[in-house]
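Engineer: After the sequence you'll find the predicted model.
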Amino acid sequence: MMQIEDLQAKIKAIERRLLAHHRANEMSLRLATIPGIGVITATAMVATVVDASAFKSGRHFAAWIGLVPQQNGTGGKVHLARISKKGEPYLRRLLVLGATAVVRYARNKPEFAGWVNALLARRPARVVTVAVANKLARIVWAIMQRGGAFRERPLGIA
């Protein structure tokens, strides 16, 4: 029983330090305004991605994380397969978890995200979740690269 209490105290101390780092970093605060991005994801992004200009575009950033489909093709035809999963596994996991929350919220509030619900009508939920995670990664890159804050559009997450 003492071990559990000791571990809980250590976890609370780590959470306090993480929250202090989050509040002290302007970029982390801006990233946390994006739906699906919380304190942990924002601080992980800021800690891992020191310079967003190292990536040519949001797509390159999403590919670095491993959220873009593999491309196979021949004869001019390109076939898209599963996501590559090459890249940063921790950030990919955090973005997929955040995207899962966005998809769940969009199902309960249809007026929130028309784009997500339209995609849910055509594709399985896990495919939509990865698509939303890809979009979140691109939004994160745009904010880290260009500055500014997240501006929500009325019919979509971005």
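Structural biologist: Yep, that arrived. Numbering: from 1, shown residues only.
Engineer: Distance of the residue nearest the centre of the chain relative to T43?
Structural biologist: Closest residue to the average C-alpha location of the chain: L95 at 3.0 Å, with CA atoms, centre = their mean. The spacing between L95 and T43, counted by CB to CB, to the nearest Å, is 14 Å. In short, each C-beta sits where N, CA and C put it, glycine included.
Engineer: Can you give the contact residues for stretch 60-77?
Structural biologist: Contacts with stretch 60-77, where a contact means CB atoms under 8 Å, 6 or more residues apart in numbering, come from 49, 52, 55, 59, 78-89, 91-92, 95, 130, 133-134, 137-138, 140-141.
Engineer: Now do the same contact list for the residue nearest to V39 when sequence neighbours are not counted.
Structural biologist: Among residues not flanking V39 along the chain, H22 sits closest, at 4.9 Å (CB to CB, 6 or more residues apart in numbering). Taking CB under 8 Å, 6+ apart, we find H22 in contact with S28, L29, A32, V39, A42, T43.
Engineer: gap between H22 and V130?
Structural biologist: 26 Å.
Engineer: Residue ranges in the protein under the pLDDT threshold?
Structural biologist: 111-112, 153-158 (pLDDT under 70).
Engineer: what about the strands in it?
Structural biologist: 69-74, 77-83 (DSSP state E).
Engineer: Could you export those to a markdown table, including columns for mean neighbour count?
Structural biologist: Formatted as a markdown table, these follow (neighbours: other CB atoms under 10 Å):
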| stretch | mean neighbour count |
| --- | --- |
| strand 69-74 | 11 |
| strand 77-83 | 11 |
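Engineer: Which one, of those strands, ends up nearest to I11?
Structural biologist: strand 77-83 (31.1 Å; CB to CB).
Engineer: Other residues contacting stretch 99-116?
Structural biologist: By CB under 8 Å, 6+ apart, stretch 99-116 touches 35-36, 117, 120, 125, 128-130, 132-133, 135-136, 155-157.
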